[in-house]
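J.: The amino acid sequence is not available; the structure is as follows:
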Ligand SMILES: NC(=O)c1ccc[n+]([C@@H]2O[C@H](COP(=O)([O-])OP(=O)(O)OC[C@H]3O[C@@H](n4cnc5c(N)ncnc54)[C@H](OP(=O)(O)O)[C@@H]3O)[C@@H](O)[C@H]2O)c1
């Protein structure tokens, strides 16, 4: 019986591997628009797809990002300035794309641009802090997608949304998880809405990877800034050494967590764009596959226990 189940499982994985290994033809005819290409996953994806022969349109937040990217790339790769929070910037980039792709339409858009600060306990933040991140991570994704959707429909192409494991489980406070849960919701409704148009909508949910989003210096500086702005009443609740404890936790635990191999994420993005049968969801990173995603399916009481077990509590905690 055990052998029979083992054979069935092996056959299933063999079939899945064969099905997923088929790739779309004529990559050099296909335009792919990627946001947030100054650094991190977006930058590596733009360079990688350029080498693979796609016509990449890399949207950068800064002029320096555009210059650096153009240096090491082929003349197929074009750059465009984009601030996903500015309606005018999103429209201008979409006009640029329309002229570039002509009648072919756009094969893919990768909604990658994102930020991870301001981050901190929920009661350390203002509504403006929430709005500033939601503007980039959620409204930016929706605005960019809507701006190019007619071009994607024309090519029967793909929308690739970069969410996170923190779009599936929310282990810390602040707007990051809120924004990524929103991306997941937008992704799921768009995927179902686009089926009749032959457009595929795929979601990438990475675990921890070493980029500026997980840079502990940036996160620690952000925590310090938020702390200085707190009213004395909240500082007293948390205790004067709370920030030191957070810093120690960031150095001892958080620093070891991010995976340095960004290609794990970029390969998933490439598969989402180039496989004939892409996966609906990708969870790159061992932490995503074996901890965060399984944890997201567990009963709330178990998830709460595991997440609170080693948490740093305020001085005036009642537990
Ligand atoms: N690293 C991880 O562990 C991890 C895990 C899960 C999900 N993600 C997600 O992966 C995506 C890429 O992040 P990353 O890790 O590669 O970090 P990253 O290197 O900081 O990349 C984010 C990119 O977005 C750009 N950006 C920021 N604000 C923007 C705006 N208003 N308009 C347009 N572009 C803007 C940044 O430009 P500047 O560099 O010029 O600021 C940067 O190029 C993000 O959506 C992030 O949430 C990351």
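T.: Received it, and whenever you're ready, just let me know what you need. Note that this is a predicted model, so its numbers are computed, not measured.

J.: Which positions in the stretch 151-300 of the chain make contact with the ligand?
T.: Residues of the stretch 151-300 of the chain found near the ligand (CB under 6 Å from any ligand atom) are 162, 164, 206, 208-209, 211-214, 258. Every residue, glycine included, has its C-beta placed from N, CA and C.

J.: Now that we have these, which of them are buried?
T.: Buried by 16 or more other CB atoms under 10 Å: 162, 164, 206, 208-209, 211, 213-214, 258, out of these.

J.: Mark which of the residues you listed are part of strands, please.
T.: Using DSSP state E, residue 162 are the members of these that sit in strands.

J.: Poorly predicted segments of the stretch 201-319 of the chain, please.
T.: Scanning the stretch 201-319 of the chain with the threshold set as pLDDT under 70 gives no residue ranges.

J.: which one is residue 111 nearest to, not counting chain neighbours?
T.: residue 141 (4.3 Å; CB to CB, 6 or more residues apart in numbering).

J.: residue ranges of the strands in the stretch 51-200 of the chain, please?
T.: Assigned by DSSP state E, counting those that start in this stretch, the strands in the stretch 51-200 of the chain fall at 55-60, 78-81, 108-111, 158-162, 200-204.

J.: Any part of the second one near the ligand?
T.: No: Strand 78-81 is not in contact with the ligand by CB under 6 Å from any ligand atom; minimum separation 9.0 Å.

J.: rewinding a little: between the strands of the stretch 51-200 of the chain, which one is closest to residue 251.
T.: strand 158-162 (27.3 Å; CB to CB).

J.: quick one: contacts for the residue of the stretch 101-250 of the chain found nearest the ligand?
T.: For the stretch 101-250 of the chain and the ligand, the shortest gap (CB to the nearest ligand atom) falls at residue 114, measuring 2.3 Å. Going by CB atoms under 8 Å, 6 or more residues apart in numbering, residue 114 touches 36, 136-137, 162, 179, 213.

J.: Output those as CSV; include the columns distance to residue 78.
T.: Shown next, in CSV, are the contacts of residue 114 (distance: CB to CB, whole Å):
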residue, distance to residue 78
36, 16
136, 23
137, 25
162, 21
179, 28
213, 25
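
J.: how about the strands of the stretch 51-200 of the chain, which one is nearest residue 14?
T.: strand 200-204 (22.9 Å).

J.: how about the residues of the stretch 1-150 of the chain that lie near the ligand?
T.: Counting by CB under 6 Å from any ligand atom, the stretch 1-150 of the chain sits next to the ligand at 35-36, 38-42, 61-62, 65, 82-85, 112-115, 136.

J.: residues in contact with residue 186?
T.: Neighbours of residue 186 in contact, by CB under 8 Å, 6+ apart: 138, 141-142, 145, 161.

J.: If you count neighbours, what's buried in whatever helix or strand residue 294 lives in?
T.: Per DSSP states H and E: residue 294 is located in helix 293-297. Within helix 293-297, the residues scored as buried using 16+ other CB under 10 Å are 293, 295-296.

J.: now do stretch 59-73
T.: 59-61, 65-66, 68-69, 73.

J.: Assign a three-state SS to residue 284, would you?
T.: Following DSSP: H, G, I helix; E, B strand; the rest coil, the label given to residue 284 is coil.

J.: Count the neighbours of it for me.
T.: 24 (other CB atoms under 10 Å).

J.: what residues are up against it?
T.: Here residue 284 is in contact with 204-207, 209, 264-265, 267-268 (criterion: CB under 8 Å, 6+ apart).

J.: and with 7 Å instead?
T.: Listed by CB atoms under 7 Å, 6 or more residues apart in numbering, the contact set of residue 284 reads 206-207, 264-265, 268.

J.: mind listing which of these are in helices?
T.: 264-265, 268 (DSSP state H).

J.: and those as CSV, adding neighbour count?
T.: Shown next, in CSV, are the ones in helices among the contacts of residue 284 (neighbours: other CB atoms under 10 Å):
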residue, neighbour count
264, 18
265, 26
268, 26
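
J.: Name the helix or strand for residue 217, please.
T.: helix 216-229.

J.: In that helix, which residues are buried?
T.: Under the neighbour-count criterion of 16+ other CB under 10 Å, helix 216-229 has 219-220, 222-223, 226-227 buried.
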